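Peer 1: Got a predicted structure plus its sequence, pasted below:
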Amino acid sequence: MDRYTPLKYLLLWLLCLAVPAQAALEIRITQGVEGALPVAIVPFGWPAQVGTSPLDVAAVVSADLHRSGLISPLPVARMPERPTRAAELDVRKWRQQRVDYVAIGQLIPASGGRYNVQFQLFDTISGEQLMGYSIPAEARTLRQAAHHVSDLIFERLTGKRGAFNTRVAFVSAQRSQQGGSVRSQYMLQVADADGYNPRTIFRSGQPIMSPMWSPDGRRLAYVSFEGRRPAIWVQNIDGGERQRIAAFPGINGAPAWSPDGSKIAMTLSKDGAPNIYVYDLPSQRLIQITNTNAIDTEARWMPDGRSLVFTSDRAGSPQIYQVGLDGQDYRARRLTFEGNYNAAVSVSPDGKTLAMVHGGGGRYRIATLNLHNGNFRVLTEGRLDESPSFAPNGSMILYATDDRGRGVLAAVSEDGRVRQELILQDAEVREPAWSPFLN
Amino acid sequence: MWAEILKRPLVLLAAVFLHAALFAAVAVNLRFIPPLKPQPVQAEVIDAVVIDLDALTGMQAEREAAERRRAEAEAAEQRRVEELRRQEAAAREQAERERVEAEQRRQDEIRRQEEERLRQEEERKAAEEQQRQEEQRRQDEERQRLEQERKAVEEEKQRLAEEKQRLEEEKKRQESERKAEEERKRKAEEEKKQKAEQERRRQEEQRKAEEEKKRKAEEEKKRQEELRKAEEEKKRKAEEERKRKEEEERKRLEAERKAEEERKRQEEEKRRQEEEKRRAEEEARQKAEADRRARELRRLQEGYENAIRAKVERNWLKPPGYRPGDKAIVLVRQLPPNGTVVDVTIEMCTGDEVFCRSVRAAVLNSDPLPRPPVPEVFNPLIRFTFEPQQ
């Protein structure tokens, strides 16, 4: 650099002060990176004189946000400070750590075994507070309150509604040794979206299959083999009342509630081959939708309720088809053409993406098909992944997988970037179904 | 017939019984015919039983008689049948005889007809022969008649030819007389014409001699005129020659002067061109240098812009929920020489809050911006337009 360079810059600088209307350098940005937002959830404060905290709220929130794949919480060990109040926060330290957002909070015990979960979210770039909430909770609902915090932060940072405060239904099986003979016990269970707080709502010595949530999240439809014959049942989750709605000769399987809750699509083989039927709950009328000699099953509703997607092996191997319900002729259109096995479809809440089991090379993995641009993407790396089920906000997909010979539940972010097994009790777990939004 | 009857004995029995009944009825009737006639009623009532007994005995006798009559009837039937057979044989014999006789008659008739036919044939041939001879004779007579007629026509022709020859000779004679007369007239005419022609020639020669004399006087006059003209022509030519020579001299001097001028002009031109060339070369050299510098600067400028773009794009976490068409314009003020960002203004943002925050974070996380390779490409103001592509 010659000795006049600083002078030149000074002149330039003065020039740009003097002429503010100077033409700016125009740069177009069309590409970005797909990555998780760098965030820190600082461990919540808890008054030391009261003993130990009943729940590590920050840990629950961090796990939730991490599982989404869209947010990357900073490990506690790498945090430059651990403020619990806004006055203690120094955003510059977090900026140096390249953390864009910091959440701090406190768990405050209140009278009568109640708690207040207080938290604030800061933008470290601008230094301003983006949100601040105080959520009352009981000991029983403390985890729910934590999931609620996750939902609020997730929605503010991604623009998408959070689905952490929802539930999953699944079937677990236990084998017990009784007097020399092995007995299997099947349980239909409902747990929090992270797998905690499992609760059995139906128990049977015969298999239970295909649980499916009603759109209001209050009932489950499922297939039970009690009496050694399959039948479709609808059960209230809270009251426990059960009602048998289909017990035809042959197969009664794969129930799926319509978006308005008035109909249930199902697979029946009463007239020969398994075909898709729609059962209208108010009128108790049954309409046959498909009529082939192939196996048509696993129907799911598109969000507009005007068509179904389902699995059929009419072309020789299982593939996903779509059939419109407007009109009379119910013509099915094939949707998947990748590989020789695509089955067990789940529809994203916006109807733009299908998740399915994709077979190939002796493995069964979860894949998504973008219906708008046709992109087909394999998301998981398991050997026997099955029963994909979209989260109600579409950001994650719950599925059953095989972990060292044991059936467990896992969740994968919609872009496939983050995969995580759900913590569950020591049982064989299968056929998960993610609930709709519950509030 | 008996075999037929024996096959059906019941029928026989019924027939017999029927016959018996009929005969009985006839007998009773015969016996009852008298009582049908008007009689005193009282007296007859008492005898009624007796009559019945009589009738019964009568019926017995009647049955026997009927039996007898039946045997007789059968014998009669037998006889009738034999008689019929016999008659039939006689009739057949008669018929055969008649057939032979008829055949005989038919043969005779055929023979008779054949004889008749032969006879007629001979008659027809005789008549035809007579007719043919008659015809022959008639044709001969006709031929002779035609021959005579032909000869008469021939003689008439001969006569007409002779007549014609005579008429032609008469015509020739008249023609020669007419020609002699014409010849005589034509000679008289010829004589008259020759005399008139001689007179006309003489007059013509006289007229020509007069014209010759006149023409010679004319020619003399013309010759005098020409002599005068030749003298004048000579004088004019001498004058022209003198003028031409003067002109040539003048032209020669002019050409010499022009050549000198041209030489001078060319020298000047050459000097000018050389000067021009030298100047153009200098200009080109300067221009090439300037171009090279501009290109270099442009290259540096592009590299600088690319470095800034790359850094911002690397730091832009595209939010997952952005909608196609979202757009933001961010004006950044930076300080030389390190590219320290001193001010970020979002001039426009059509996306949601998450999108707008993301572009702001992208710029701020890119602080400091890349240093310019040369001070000339530095611009304190940079306007970023964020337009994500799917």
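Peer 2: Happy to help now that I have it.
Peer 1: Which residues does stretch A:58-66 contact?
Peer 2: Here stretch A:58-66 makes contact (Cβ atoms under 8 Å, 6 or more residues apart in numbering or on different chains) with A:39, A:41-44, A:71-73, A:76, A:103, A:105, A:143, A:146-147, A:149-150, A:153-154, A:162, A:164, A:194, A:418, A:420. For the C-beta atoms, the positions are set from N, CA and C on the backbone; glycine is no exception.
Peer 1: Kindly recompute the last result at 7 Å.
Peer 2: A:39, A:41-44, A:71-73, A:143, A:146-147, A:149-150, A:153-154, A:164, A:194, A:418 (Cβ atoms under 7 Å, 6 or more residues apart in numbering or on different chains).
Peer 1: Give me the buried subset of those.
Peer 2: Buried members of those, counted by 16 or more other Cβ atoms under 10 Å in any protein chain shown: A:39, A:41-44, A:71-73, A:143, A:146-147, A:149-150, A:153-154, A:164, A:194, A:418.
Peer 1: So which of those reach chain B?
Peer 2: With Cβ under 7 Å from any Cβ of the partner chain as the criterion, the buried ones among the contacts of stretch A:58-66 include none near chain B.
Peer 1: quick one: which of those residues sit in strands?
Peer 2: Among the buried ones among the contacts of stretch A:58-66, the members falling in strands are A:V39, A:I41, A:I71, A:S72, A:P73 (criterion: DSSP state E).
Peer 1: hey, where'd the helices end up in chain A?
Peer 2: For chain A, applying DSSP state H gives helices covering A:5-18, A:57-68, A:91-96, A:142-158.
Peer 1: possible to save those helices as TSV with mean pLDDT?
Peer 2: Listed next are the helices of chain A as TSV, based on pLDDT from 0 to 100:
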stretch	mean pLDDT
helix A:5-18	66
helix A:57-68	94
helix A:91-96	92
helix A:142-158	95
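Peer 1: I'd like those written out as a markdown table, with distance to B:Q266 added.
Peer 2: Below are the helices of chain A laid out as a markdown table (distance: least, Cβ to Cβ, whole Å):
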| stretch | distance to B:Q266 |
| --- | --- |
| helix A:5-18 | 53 |
| helix A:57-68 | 90 |
| helix A:91-96 | 81 |
| helix A:142-158 | 86 |
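Peer 1: Indicate which one of those helices is closest to B:R271.
Peer 2: The minimum distance between B:R271 and the helices of chain A falls on helix A:5-18, with 45.0 Å, by Cβ to Cβ.
Peer 1: okay, and for chain B, where does confidence drop off?
Peer 2: Where chain B drops to pLDDT under 70, the residues are B:1-3, B:5-6, B:25-58, B:390.
Peer 1: I'd like to know which residues of it are adjacent to chain A.
Peer 2: B:305, B:308-309, B:312-314, B:316-321, B:331, B:336-337, B:352, B:354, B:360-361, B:364, B:375, B:378-389.
Peer 1: thinking again about what came up before, which one of the ones in strands among the buried ones among the contacts of stretch A:58-66 is nearest to A:A247?
Peer 2: Closest approach to A:A247 among these (Cβ to Cβ): A:I71, at 46.4 Å.
Peer 1: Would you mind measuring from the closest one to A:I153?
Peer 2: Distance of A:I71 to A:I153, computed by Cβ to Cβ, to the nearest Å: 8 Å.
Peer 1: Likewise for A:R406?
Peer 2: From A:R406 to A:I153 the distance is 33 Å (Cβ to Cβ).
Peer 1: Next: A:I366.
Peer 2: In this view, A:I366 and A:I153 are 27 Å apart by Cβ to Cβ.
Peer 1: how many neighbours does B:A196 have?
Peer 2: 8 (other Cβ atoms under 10 Å in any protein chain shown).
Peer 1: That one belongs to a helix?
Peer 2: Yes: under DSSP: H, G, I helix; E, B strand; the rest coil, B:A196 falls within a helix.
Peer 1: Contacts only, for it.
Peer 2: Per Cβ under 7 Å, 6+ apart, neighbours of B:A196: none.
Peer 1: and if you look at A:A103?
Peer 2: Counted by Cβ under 7 Å, 6+ apart, A:A103 has contacts A:I41, A:V42, A:F119, A:L121, A:I153.
Peer 1: What about A:D304? Give its phi and psi, please.
Peer 2: phi -80, psi 0 (degrees, to the nearest 10).
Peer 1: For the nearest residue to it once chain neighbours are set aside, grab the count of nearby residues.
Peer 2: Closest residue in space to A:D304, ignoring its immediate chain neighbours: A:G351 at 6.8 Å, by Cβ to Cβ, 6 or more residues apart in numbering or on different chains. Burial of A:G351 is recorded as 16 neighbouring residues (other Cβ under 10 Å).
Peer 1: And the pLDDT at A:G351?
Peer 2: pLDDT, A:G351: 95.
Peer 1: Correct me if wrong: it contacts A:M302.
Peer 2: Yes: in this structure, A:G351 is within contact of A:M302 by Cβ atoms under 7 Å, at 5.4 Å.
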